[in-house]
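Trainee: Here is my input, please return the structure:
(one chain, ligands or ions: 2)
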Amino acid sequence: MRVYSVVIPVYNEEEVIEESYKRLTAAMQDMDGSYELIFVNDGSRDATASIIADILKKDSNVRLINFARNFGHMPAITAGMRYAKGEAIIIIDADLQDPPEALPAMAALWRKGNDVVYGKRKERLGETRFKRLSASLFYRFINSMVNIDLPVDTGEFRLMDRKVCDAVNELDEKNRYIRGLVSWVGFKQVAYEYTRVERFAGTTKYPLKKMISFAMDAITAFSYKPLKLATTLGFCISFFSFIYLLVILWQVFFTDTTITGWASTVAIILFTQGIVLMILGLMGEYIGRIFEEMKNRPSYIVMEAMGFEDDKNI
Ligand code: UDP
Ligand code: MG
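Mentor: Ligands and ions are numbered 1, 2, ... in the order given. Modelled structure (predicted):
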């Protein structure tokens, strides 16, 4: 069994994979223990899998999990965490935005008795202004919505103790917002500040559409506050409508004002209908996820796992 297991989700990363392997290996050799690099290939359609398979033939520290298709970033990390056998588990992206060179310092914090050392971005370089702004808003918005304390400006880059990994692996839910689950299980957690740099090569695998569904997953997995807000909004609108009704009745009975309000009537109907539809949609988001959980399908399917049989040299 190795001391450190590094989980690296990869999706169409042929341009970066060799470089990340080199830099990860260099960083891991500076560490105080043996290691395994678990690449989880999330259904890449390029040469990613074959490049890793070639590396695996030469290096017994490397493992490869091939998914049957693209299941997503979170399922890929989940699979890696379940296959990892190390005493400490590291999660890192393949694109080198999170520096492998930070790992020895993070491991030192773990050795000092911290159970989770999570990377906190103090700066983000080389990302578009839109990405930085949306990410920053996302973290703050999520925090105002969920019932647990999630650290802001923190992605999946982290090192966690075996017992934390086991606790997260125990959780059976299918919609897995990993950083939320790791915070949720508790234990002693500490931040490690780093600068998130530009992607080494290639483009982001998180287009806006995926970012929005990721945000919805995160919120619905950790809170039903949006539903409560909907109720509050409903109450407010009913209250003001009632007051307005009283005003109208007063006008009808006690004044000569003719009621000319076609435009305002239409505006009010459209406005309230819009809100009702929005709230129905919001409920749909939750119902859809209940449906997903209820079907109890696995969140990923492994096509093959390579390199795991070769664990004898430690
Ligand atoms: N990734 C994945 N499956 C996906 C999308 C992304 O395994 O469906 C991997 C990707 O290869 C990378 C990591 O998740 O290692 C983070 O993705 P990316 O760097 O594109 O996201 P960003 O840093 O732009 O938010
Ligand atoms: Mg990235």
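
Trainee: List the contacts of Y118.
Mentor: Residues near Y118 by CB atoms under 8 Å, 6 or more residues apart in numbering: P151, T154, F157, R158, R179, V182, Q189, V190, A191, Y192. To be clear about C-beta, it is placed using only N, CA and C from the backbone, and glycine gets the same treatment.

Trainee: Buried residues, whatever helix or strand it lives in. List them.
Mentor: Element membership of Y118, judged by DSSP states H and E, is strand 116-124. Residues V116, V117, Y118, G119, K120, R121, R124 are the ones in strand 116-124 that count as buried (16 or more other CB atoms under 10 Å).

Trainee: burial of the residue nearest to the fourth one when sequence neighbours are not counted, as a residue count?
Mentor: Same thing as G119. Closest residue to G119 apart from its sequence neighbours, by CB to CB, 6 or more residues apart in numbering: F157 at 3.7 Å. Number of residues near F157 (other CB atoms under 10 Å) recorded here: 24.

Trainee: what about F157, which SS state?
Mentor: Under DSSP: H, G, I helix; E, B strand; the rest coil, F157 falls in the strand class.

Trainee: so how far is ligand 1 from it?
Mentor: From F157 across to ligand 1, the span is 10 Å (CB to the nearest ligand atom, to the nearest Å).

Trainee: What about F240, how many residues nearby?
Mentor: For F240, using other CB under 10 Å, the count is 10.

Trainee: Check which element follows the host helix or strand of it along the chain.
Mentor: Secondary structure from DSSP H and E places F240 in helix 225-254. Next helix or strand after helix 225-254 toward the C-terminus (DSSP H and E): helix 262-295.

Trainee: which parts of stretch 197-205 are buried?
Mentor: V197, R199, F200, K205.

Trainee: on that earlier part again, show me the contacts for the residue nearest to G119.
Mentor: By CB under 8 Å, 6+ apart, the residues touching F157 are I91, I92, D93, D98, Y118, G119, Y194.
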